[in-house]
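# just a sequence and a predicted model for now, questions to come.
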Amino acid sequence: MKAHLFVTCLVDQFFPEVGIDLVKCLRLAGVEVHFLTGQTCCGQPAFNNGFWREARSLAKRFIYLFEKADLIVIPSGSCASMVKVFYPVLFKDDPILLARAQALSQKVYEFSEFLVKLLGIETVASKYTGKITYHDSCHLLRELKIYEEPRKLLKAVKGVELVEMENSEACCGFGGIFSIKNSDISAAILQEKIDRIRATDAKVVVANDVGCLMHIAGGLSRQNLTIKTRHIAQILAAD
Amino acid sequence: MKNKPDNFHFQAKTALNNPSLQQALSKATTHILNKRARAIQELTDLETLRDRARRIKEQTIAQLNHYLLQLESEVRKAGGKVYWAREARDAQRYIAKLVKQKKAQLVVKGKSMVSEEIGLNEYLEKLGLEVVETDLGEYIVQLAGERPSHIIAPAIHKSREEVALLFQKKLGTNPEAEISKLTQVARERLREKFFQADIGITGANFAIAETGTIVLVENEGNIRFTTSLPPVHIVLMGIEKVIPTLADLVVFLKLLPRSATGQKLPSYVSLITGPRRDGEKDGPEELHLIILDNGRSRILSEPALRESLYCLRCGACLNICPVYQKVGGHAYGSVYAGPIGSVITPPLVGLYRARALPYASTLCGACRDICPVKINIPHMLLQLRQGLSYRWNRNLINPGYWLEKLLTITWSMGMKDEGRYRFGSKVARLLQRPFLKKQKISHLPYPFSRWTKSRDFTPLAAKPFRIWWEDNQRSSKDHERAD
Ligand code: SF4
């Protein structure tokens, strides 16, 4: 099977190691991975902040670039929601682009959804020793309704002990621009998340979205805590 | 100073720095959420119910004219009076006229958000009347000279200790007294008022068009007294409260108490059709229904926001909202707080005045998931943000707006072309160098300093992923050639 990887601008620029592990997981799953180097950002930051004109131009660019692909895998619930759910919103008054956005949205899968739902894979033969806890990213959970898939994948990893934190579904307080515009509230929400992570005694917190992880990691590091943040692909690709 | 939506950031900060508020909020919201979770567990058909409730609201709001007119004529038939109020002022004046006519001196009130919306208490007090809130939470808030901070639990921001102190100061109770004792004292005070009151004012949870029936849901029994003891009963309702039939009410009565307080059934449901009839023992001599627009038709005319009119005012979205949990209701500076408040306040008071509210959300979507009528709050907040981003004329002298716009435009230019993107990523790596200390970024210039104030920032990686990919492709091609 052939699939295109939209790695997201955050992974590309801040977390290339996540991208490398994504490629590894997908190849282990028997997927022929393609990567279009023309890809940049899906436009979500502008969209979330109300700058829909700018978002629209990036969305258009994304549609042109990926339209020919059969399958697009995105390692982020947030960016996958942008393409699947919000592109049609952006183009609701443009029948042609709307149709193209809708067609595209059918072909987009979030990484864990792609493995579990589409490929029916539950393990990529990895090994990872230790206690981990999983944070549900908001867009992944509530726009895409993905809850079980990442848990299935994580539980199948040899040596992993998955401990659920209290209220894993609560937001980490990131919210993109929210973390800047309402930074104090954002930090207060994050504190609650960090307290809950610490209460599990896990050494690693896993999520499917590097945005949330970046936020959580920022808090952990400021408080000199040694708990690590990992994208799910990094756990699945470990051996 | 009165809180205003313009001052959200300041008010939020004040709330974050108030430990007793933090504790009260966290305790109360957790408690209600747990109760709710238990109460919905046994509803096997929860999803069907929510869909049905939503459909009823959809259909009613789509034919609002029809149902409101039907309601009007049914209420009149039952002997009630109906007044249409376009704005807050109109409702106030109508009530003032009645007060004069009846030479009223004392008004008792049941909990009503609409009366908050039109500032009724202040207005009546200015006219020289005594106004007494009879809902316990409202009573506390009134004693404290504050405003309700939650749709359902008006005094949610107050700790037990604060309430005890307040009662000591205002009513002379023992500060060590149990809450149940304080409740009893308040009840006794209120009982006298019910018998002396000239007018009772309530809101309405629903108004049934088919029968002209006003439905009031409560737990304390105070609304029952408010509607039956004083000789005049005034009902204040927003235009969106009408539902077509009694059968529809059944659906909502399953959802509302569970969502609002985590109860399977409310303690009291009053169904009021017209004033007291001949031969009936209790009930007011006159019933006045005020149907208030006050900006709601503006929401109605805006398709993207219309579903906010489906709201039952159950307050569940406030309880689950991570932002509300941290800042409480007063920070919003509006009558309606929390997620739904952030959606309806802009069309009610003006988008620009309420401009901070659509951003007072992480867009996590927990509100939509808990909402008994599945109102898509995050999507509406996005719509409102969009409306704000291109209001440059209102933002002319707001440097923050221009900085944001400049950053967004520069950023999107960089993202629109692969060459520029690669170039930009190199420049960004140069720019971050002075801030990089021990693989950490702990200080950044404004506006990013807002992040680094409490969190470290992840540095850009030495090389982007695409460089690895290109090297990897090249070397595997070399491999192929070598084979
Ligand atoms: S928006 Fe939904 S959850 Fe919020 S108060 Fe209204 S009905 Fe309740």
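Thanks, I have it.

# CA atoms for contacts and neighbours, from now on please.
Noted.

# what ranges do the strands span in the chain?
Using chain A. Using DSSP state E, the strands of chain A run over A:2-5, A:32-34, A:72-74, A:108-110, A:127-134, A:158-162, A:204-207, A:228-231.

# wrong one, chain B
B:81-85, B:106-109, B:130-133, B:199-202, B:206-208, B:213-218, B:232-238, B:242-243, B:268-272, B:286-292, B:436-437, B:440-441.

# and the fourth one, how far out from the chain's middle?
The gap between where strand B:199-202 is centred and where its chain is centred comes out at 23 Å by CA atoms, centre = their mean, to the nearest Å.

# run through who's touching it.
B:104, B:106-112, B:223, B:226-227, B:229-236 (CA atoms under 8 Å, 6 or more residues apart in numbering or on different chains).

# residue 14: neighbour count?
Just so you know, I chose chain A. Neighbour count of residue A:14, defined by other CA atoms under 10 Å in any protein chain shown: 19.

# please refer instead to chain B.
Residues near residue B:14, counting by other CA under 10 Å, number 13.

# how much space between it and the ligand?
With distances taken as CA to the nearest ligand atom, to the nearest Å, residue B:14 is found 24 Å from the ligand.

# wait, residue A:104 sits on residue A:62?
No. Between residue A:104 and residue A:62 there is no contact under CA atoms under 8 Å: 9.8 Å.

# end-to-end on stretch A:198-214?
Terminal residues of stretch A:198-214 lie 17 Å apart, using CA to CA, to the nearest Å.

# what of stretch B:430-445?
15 Å.

# what are the buried residues along it?
Residues of stretch B:430-445 classed as buried: B:436, B:441, B:442, B:443, B:444 (neighbour count, 16 or more other CA atoms under 10 Å in any protein chain shown).

# for stretch B:60-78, same thing?
Buried-residue list, stretch B:60-78, by 16+ other CA under 10 Å: B:60-61, B:64, B:67-68, B:70-76, B:78.

# can I assume residue B:367 is in contact with residue B:318?
Yes. Between residue B:367 and residue B:318 there is a contact at 7.5 Å, judged by CA under 8 Å.

# so what sits against both of the two?
The contact lists of residue B:367 and residue B:318 share residue B:339, where a contact means CA under 8 Å, 6+ apart.

# show me which of the two is the more surrounded one.
More neighbours surround residue B:318 than the other of residue B:367 and residue B:318, with 28 against 25 (other CA under 10 Å).

# residues touching the more buried one, list them.
Residues near residue B:318 by CA under 8 Å, 6+ apart: B:150, B:324, B:325, B:337, B:338, B:339, B:340, B:367.

# report how many residues lie close to the nearest residue to residue B:143 once chain neighbours are set aside.
Once flanking residues are discounted, residue B:143 sits nearest to residue B:170: 7.2 Å by CA to CA, 6 or more residues apart in numbering or on different chains. Using other CA under 10 Å, residue B:170 has 10 other residues around it.

# got the angle for the longest helix anywhere in chain A vs strand A:127-134?
In chain A, assigned by DSSP state H, the helix with the most residues is helix A:183-200. With axes from the mean of the first three to the mean of the last three CA atoms, to 10 degrees applied, the angle from helix A:183-200 to strand A:127-134 works out at 130 degrees.

# pLDDT weak spots in the chain?
Let's take chain A. Nowhere does chain A drop to pLDDT under 70.

# was after chain B, sorry
B:1, B:480-483.

# can you name the residues that contact residue B:137?
B:153, B:154, B:155, B:156.

# save those residues as a markdown table, and put in neighbour count and distance to chain A too.
Formatted as a markdown table, the contacts of residue B:137 follow (neighbours: other CA atoms under 10 Å in any protein chain shown; distance: CA to the nearest CA, whole Å):
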| residue | neighbour count | distance to chain A |
| --- | --- | --- |
| B:153 | 19 | 22 |
| B:154 | 23 | 22 |
| B:155 | 24 | 22 |
| B:156 | 23 | 19 |
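
# between these, which is nearest residue B:95?
Taking CA to CA as the measure, residue B:154 is the one of the contacts of residue B:137 closest to residue B:95, at 23.7 Å.

# I'd say the closest one and residue B:142 touch.
No. Applying CA under 8 Å, one finds residue B:154 not in contact with residue B:142, separated by 9.9 Å.

# tell me the residues of the stretch 301-450 of chain B that contact chain A?
Neighbours of chain A within the stretch 301-450 of chain B, by CA under 8 Å from any CA of the partner chain: B:322-323, B:326-327, B:359-366, B:369, B:382-390, B:408-409, B:412, B:415-418, B:421, B:425, B:442, B:447-448, B:450.

# quick check: nearest residue in space to the residue nearest the centre of chain A, chain neighbours excluded?
In chain A, the centroid-proximal residue (CA atoms, centre = their mean) is residue A:76; its distance is 1.8 Å. In space, and not counting its chain neighbours, residue A:76 is closest to residue A:209: 4.6 Å by CA to CA, 6+ apart.

# which segments of chain B make up each domain?
Following automatic domain parsing, chain B resolves into domains at B:5-298, B:399-482.

# from these, which stretch is densest packed?
Mean neighbours per residue, mean count of other CA atoms under 10 Å in any protein chain shown, is largest over these for domain B:5-298, with a mean of 19.

# for chain A, identify the residue most remote from the centre.
residue A:95 (29.1 Å).

# can you give me the distance of the closest residue to residue A:31 other than its chain neighbours to residue B:476?
Once flanking residues are discounted, residue A:31 sits nearest to residue A:1: 5.1 Å by CA to CA, 6+ apart. Here the criterion is CA to CA. By it, residue A:1 lies 19 Å from residue B:476.

# what's the burial count for residue B:394?
10.

# same question, the one 3 residues further on
A count of neighbours around residue B:397, defined by other CA under 10 Å, yields 10.

# any idea how far residue B:391 is from it?
Residue B:397 is 12 Å from residue B:391, by CA to CA.

# again with residue B:52
Taking CA to CA, one finds residue B:52 at 38 Å from residue B:391.

# check residue A:14 too.
Residue A:14 is 33 Å from residue B:391, by CA to CA.
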